[in-house]
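Participant: please work out how this folds:
(one chain, ligands or ions: 2)
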Amino acid sequence: MQTMKIVEVAPRDGLQNETAPVPTGAKIAFVDALSATGVSEIEVSAFVSPRRVPQLGDAQEVFRSISRNDGVVYSALVPNERGFDRAMEVQVDKVSVFTAVSETFNRKNINTSIDGSIQRFLPVVERARSERLPVRGYVSTAFWCAFEDKIPPEGVVGVVEKLLDIGIDEVSISDTIGKASPDEVKRLLDLLLPRISSDRIAMHFHDTYGRGVENVLASWSYGIRIFDASVGALGGCPFAPGATGNVATEAVVKALEGKGEKVGIDLQKLSQARRLLDPFLIEDRRSLPKDGSPACAACQFSKAAVCCRR
Ligand code: HMG
Ligand code: MG
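Facilitator: Numbers count the residues shown, from 1 in each chain. Ligands and ions are numbered 1, 2, ... in the order given. Take a look at the predicted model:
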């Protein structure tokens, strides 16, 4: 039976969206603390353009200085060959390319079309193969898009097939703006599972509408066992307006344990890791939830788990 796997994406998806840059030393301490929590994989950073995402411009320094735990895979986003070169200089264990179903989002995020992105990925996948490195392919805007609204599931299947054709090992089906419902998740999995086995599918939910945990459980009921999550629900994409944090790792662990799964993550250590970032995150995000508090002026949400500023 496939074991549960939590991919902790806070160091990348979480910190890429922070307004104030987190110091490199704090990132290293954060990743080291996460390494001791029992997570299977940590997405440490991204080898993207530091002009586009200055928050992660220190990806190489972070990789060079973390203390690696043998049981953990240390992965990173790599958008092109230039990123692959940088990743190889610091011995990344697994690389993730990323594209989307929405052409508009793709252009805003990686400045190319879906087909253009696949062309860019070809040499990355080929070189990863020769280095015996696994490759993940993110499929963003798999349900909704900030620019193109509802995304048809057939379009997602098309992009997944393109990624499989070039030799991707695993796909991460991503609800970039956190708007999917469990029914939409099931509808998409109904189409995907006849084409790709469940052990090659990860689900990546943002939690804008507070449905992340429900969506994880809907996917789990379909046999999915790989979930991306972010400690403290940090996260968001700077190029997708309105996208808030990923579903919280703490909430995912509790929900899966509630289903009798052995997740193997120490929640106390997870919370200690998260607290290491407290001095560096914007004040509003750290404030405690207040029931009935007024809607946030920026994202219009009031619930702490979903508001972009709490
Ligand atoms: P481009 O815009 O097509 O331009 O880059 P380029 O290839 O001509 O390069 C532009 C500049 O970037 C040049 O520097 C290049 O040298 C440099 P300049 O001459 O202007 O000084 N450059 C690089 N530098 C370092 N590493 C590289 C690299 N490549 C080019 N690898 C590119 C294309 C994709 C690189 C750019 O558009 C980019 O970095 N975009 C940022 C994408 C990003 O990080 N988005 C957020 C992550 S995706 C996400 O959050 C979604 C996800 O969580 C799933 C979900 O929730 O949906 C994964
Ligand atoms: Mg994301």
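
Participant: neighbours around Ser197, how many?
Facilitator: 11 (other C-beta atoms under 10 Å). Just so you know, the C-beta spots here come from the backbone N, C-alpha and C atoms, and that holds for glycine as well.

Participant: ugh, typo on my part, it should be Ala142
Facilitator: So Ala142, with other C-beta under 10 Å, has 30 neighbours.

Participant: I'd guessed it sits against Ser174; true?
Facilitator: Yes - under the criterion of C-beta atoms under 8 Å, Ala142 makes contact with Ser174 at 5.5 Å.

Participant: export stretch 218-226 as PDB, just CAs?
Facilitator: This file holds the C-alpha atoms of stretch 218-226, laid out as PDB (Å, rounded to 0.1, in the frame of the first residue of the first chain):
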ATOM      1  CA  ALA A 218     -11.800  14.200  -1.100                       C
ATOM      2  CA  SER A 219      -8.600  13.400  -2.900                       C
ATOM      3  CA  TRP A 220      -7.600  10.900  -0.100                       C
ATOM      4  CA  SER A 221     -11.000   9.100  -0.600                       C
ATOM      5  CA  TYR A 222      -9.900   8.700  -4.300                       C
ATOM      6  CA  GLY A 223      -6.600   7.000  -3.200                       C
ATOM      7  CA  ILE A 224      -4.300  10.000  -3.400                       C
ATOM      8  CA  ARG A 225      -1.500   9.800  -0.800                       C
ATOM      9  CA  ILE A 226       0.800  12.700  -1.600                       C
END
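
Participant: can you list the residues of the stretch 1-150 of the chain near ligand 1?
Facilitator: Counting by C-beta under 6 Å from any ligand atom, the stretch 1-150 of the chain comes close to ligand 1 at 13, 16, 46-53, 77, 79-80, 82-83, 86, 98, 109-111, 138, 140.

Participant: if any of those are buried, give me the PyMOL selection for them.
Facilitator: The PyMOL selection below is limited to those of those classed as buried (16 or more other C-beta atoms under 10 Å):
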select buried, resi 13+16+46+47+48+49+52+53+77+79+80+83+86+98+109+110+138+140
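
Participant: among the residues of the stretch 1-150 of the chain next to ligand 1, which ones are in strands?
Facilitator: Of those, the ones assigned to strands by DSSP state E are Ala46, Leu77, Phe98, Tyr138, Ser140.

Participant: and which of those is nearest to Gly242?
Facilitator: Nearest to Gly242 out of these is Ser140 (C-beta to C-beta; 13.9 Å).

Participant: need the residues that contact the longest helix that the chain contains.
Facilitator: Assignment by DSSP state H gives helix 114-130 as the longest helix of the chain. Under the contact criterion C-beta atoms under 8 Å, 6 or more residues apart in numbering, helix 114-130 has outside partners 78-81, 83-84, 95, 97-101, 103, 106, 110, 112, 134-135, 137, 159, 162-163, 166-168.
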